[in-house]
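J.: 3D, please:
(one chain, ligands or ions: 5)
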Amino acid sequence: MGLGEFERIDRFFAPLSQGAGGAFGLTDDAALLPEAADGSAWVVTVDALVAGVHFLPDDPPDLVARKALRVNLSDLAAMGAVPYGYTLALALPKGLPDPESWLEGFARGLRADQDRYGIHLLGGDSVSTPGPVTLSITAFGSVARGGELRRSGASVGDDLWVSGTIGDAALGLGVLQGTLRVSAADAEILADRYRLPEPRVALGPALVGLATAGLDVSDGLVQDAGHIAERSGVALRIEAAAVPLSPAVRRCIDSSDPLRHDALSGVLTGGDDYELLFAAPPASRDRVSEAAAAAGVQVTRIGRVEDGRGVRVMAEDGRPLQGLERGGWNHF
Ligand SMILES: Nc1ncnc2c1ncn2[C@@H]1O[C@H](COP(=O)(O)OP(=O)(O)O)[C@@H](O)[C@H]1O
Ligand SMILES: Cc1ncc(C[n+]2csc(CCOP(=O)(O)OP(=O)(O)O)c2C)c(N)n1
Ligand SMILES: [Mg+2]
Ligand SMILES: [Mg+2]
Ligand SMILES: [Mg+2]
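T.: Ligands and ions are numbered 1, 2, ... in the order given. Predicted structure coming up:
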């Protein structure tokens, strides 16, 4: 006989709440959040992940756990918030072959990233499902009141910046699904970036007071840029050639048929990047660079904010890049 619901909570989850007094060791009906620090506000976000939709059904459970946590930490960073803790709702298929070893790996992944990001599990729910593994994490963080980074606020003349590199994860998914062939070394690099995003937890808070608008790129650079454009009531112009690419992604693009834009459009619209896209005035360039250097993150200027509406991605010849109609992921 395997472990029941409450033994599973005791064994795998309660230890992850140690250190957060308000979690009561996961023995009560709900958790208490402490008072927000003076002048700070709580920030809360939730993202759900479904096997076969957000991760591959046979992805290792520790990486599933860490990805679920990290995509939420990415949304906190996008608001300029410092992470505090999280709750977890987990639905496991009754027919999962070895649920205890899956849970052991899953909890190990949570532990690794809790330690890395200095956060704790505050509570959750454990249920069974006739469907695929499904989980939802709600993450809490804090930001100086009024300092939160919104999608609105970009002004004509601002620079448009992005952190890290774009497209690795989307091409990594293609590699894992067998639709993209690359060298074994590049396959590993790209697949790793798909399975384990790097939320920009230090950069986000460092942009408070510098960025005029921002978000994290989850659905695809072009589509997510569209959210800033819409909420700010401006147009965004992106120079495709300026978008930062890792060497592995550059090799994919260089080896794809120059008459087709498959690899490049996959990069610009594929999503799963979890990089920060933000606007800031040209007068702040040096301070943005210093903030990024202090956060240990590369940032690149990829365009600017203009009068108008929508997103225009320009090719090197100065004409709009074609084939980006589907700007990113849409669930429905
Ligand atoms: N089912 C829902 N109920 C309430 N709010 C939702 C729901 N789905 C999305 N939202 C809200 O809509 C906005 C856009 O959501 P989403 O595209 O998921 O943002 P993100 O890409 O940052 O996760 C967010 O403010 C989110 O909180
Ligand atoms: C197996 C698999 N297929 C496809 C994708 C691509 N994909 C699925 S959802 C998504 C967008 C991000 O997920 P969403 O639920 O929209 O997160 P949010 O924008 O709310 O942060 C992408 C790019 C994937 N990550 N994994
Ligand atoms: Mg979301
Ligand atoms: Mg987001
Ligand atoms: Mg989305």
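
J.: residue contacts, the residue nearest in space to the middle of the chain?
T.: Geometric centre of the chain, nearest residue: Tyr274, 3.1 Å, by Cα atoms, centre = their mean. Residues in contact with Tyr274 (Cβ atoms under 8 Å, 6 or more residues apart in numbering) are Arg70, Val71, Ser74, Ala169, Pro197, Glu198, Pro199, Arg200, Asp216, Val217, Ser218. C-betas here are computed from N, CA, C, even on glycine.

J.: which one among those gets closest to ligand 2?
T.: Relative to ligand 2, the closest of the contacts of Tyr274 is Ser218; by Cβ to the nearest ligand atom it sits at 3.5 Å.

J.: next secondary structure after the helix or strand hosting Ala292?
T.: Ala292 is part of helix 285-295, with elements assigned from DSSP states H and E. Remark: after helix 285-295, the chain's next helix or strand is strand 299-306, criterion DSSP H and E.

J.: that next one - contacts with which helices or strands?
T.: For strand 299-306, the packing partners by 3 or more Cβ pairs under 8 Å, 6 or more residues apart in numbering; DSSP states H and E come out as strand 159-163, strand 235-239, helix 285-295.

J.: so of these, which one's packed in deepest?
T.: Neighbour counts (mean count of other Cβ atoms under 10 Å) averaged over each of the helices and strands packed on strand 299-306 peak at strand 159-163, with a mean of 25.

J.: partner strands of that one and their direction?
T.: Strands that pair with strand 159-163, judged by DSSP bridges, come out as strand 275-280 (antiparallel), strand 299-306 (antiparallel).

J.: ok so, going back, do you know which of the helices and strands packed on strand 299-306 lies nearest Ala89?
T.: With Cβ to Cβ as the criterion, Ala89 lies closest to strand 159-163 of the helices and strands packed on strand 299-306, at 29.1 Å.

J.: what does the closest one rub up against?
T.: By Cβ under 8 Å, 6+ apart, strand 159-163 touches 154, 200, 203, 211, 217, 221, 225, 236-238, 243-244, 275-282, 285, 288, 292, 297-305.

J.: buried subset of the residues you listed?
T.: Using 16 or more other Cβ atoms under 10 Å as the burial test, the contacts of strand 159-163 include 154, 200, 203, 211, 217, 221, 225, 236-238, 243-244, 275-281, 288, 292, 297, 299-305 as buried.

J.: would TSV of the strands paired with strand 159-163 with mean pLDDT be doable?
T.: Formatted as TSV, the strands paired with strand 159-163 follow (pLDDT from 0 to 100):
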stretch	mean pLDDT
strand 275-280	99
strand 299-306	98
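
J.: any chance of those in TSV, with distance to Ser183 too?
T.: Formatted as TSV, the strands paired with strand 159-163 follow (distance: least, Cβ to Cβ, whole Å):
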stretch	distance to Ser183
strand 275-280	24
strand 299-306	25
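
J.: wait, which of the ones you listed is closest to ligand 1?
T.: Nearest to ligand 1, of all these, is strand 275-280, at 11.3 Å by Cβ to the nearest ligand atom.

J.: the closest one and ligand 1, are they touching?
T.: No. Strand 275-280 does not reach ligand 1 (Cβ under 6 Å from any ligand atom); its nearest approach is 11.3 Å.

J.: ok, stretch 64-80 next?
T.: Yes. Using Cβ under 6 Å from any ligand atom, we find that stretch 64-80 touches ligand 1 at Asp75.

J.: now the residue in the stretch 51-200 of the chain that ligand 4 sits nearest to: closest residue in space, sequence neighbours ignored.
T.: Proximity of the stretch 51-200 of the chain to ligand 4 (Cβ to the ion) peaks at Asp75, 4.4 Å away. Distance criterion Cβ to Cβ, 6 or more residues apart in numbering; nearest residue to Asp75, sequence neighbours excluded, is Thr45 at 4.1 Å.

J.: the residue of the chain found nearest ligand 2 - how many residues pack around it?
T.: When scored by Cβ to the nearest ligand atom, the chain has Gly271 as its residue closest to ligand 2, at 2.9 Å. Look at Gly271: counted by other Cβ atoms under 10 Å, it has 23 neighbours.

J.: looking at it, it is touching Ala170, isn't it?
T.: Yes. Using Cβ atoms under 8 Å, Gly271 is in contact with Ala170, at 6.1 Å.

J.: what residues are shared contacts of those two?
T.: Going by Cβ under 8 Å, 6+ apart, residues that sit against Gly271 and also against Ala170 are Gly220.

J.: buried residues in stretch 49-56?
T.: Under the neighbour-count criterion of 16+ other Cβ under 10 Å, stretch 49-56 has Leu49, Val50, Ala51, His54, Phe55, Leu56 buried.

J.: report the mean confidence score over it.
T.: Here stretch 49-56 scores 98 as its mean pLDDT.

J.: around ligand 1, pick out the residues from the stretch 151-300 of the chain.
T.: Residues of the stretch 151-300 of the chain lying close to ligand 1 (Cβ under 6 Å from any ligand atom) are Ser218.

J.: how about low-confidence regions in the stretch 151-300 of the chain?
T.: 257-261 (pLDDT under 70).

J.: what residues does it put near ligand 2?
T.: Counting by Cβ under 6 Å from any ligand atom, the stretch 151-300 of the chain comes close to ligand 2 at Leu173, Ser218, Asp219, Gly271, Asp272.
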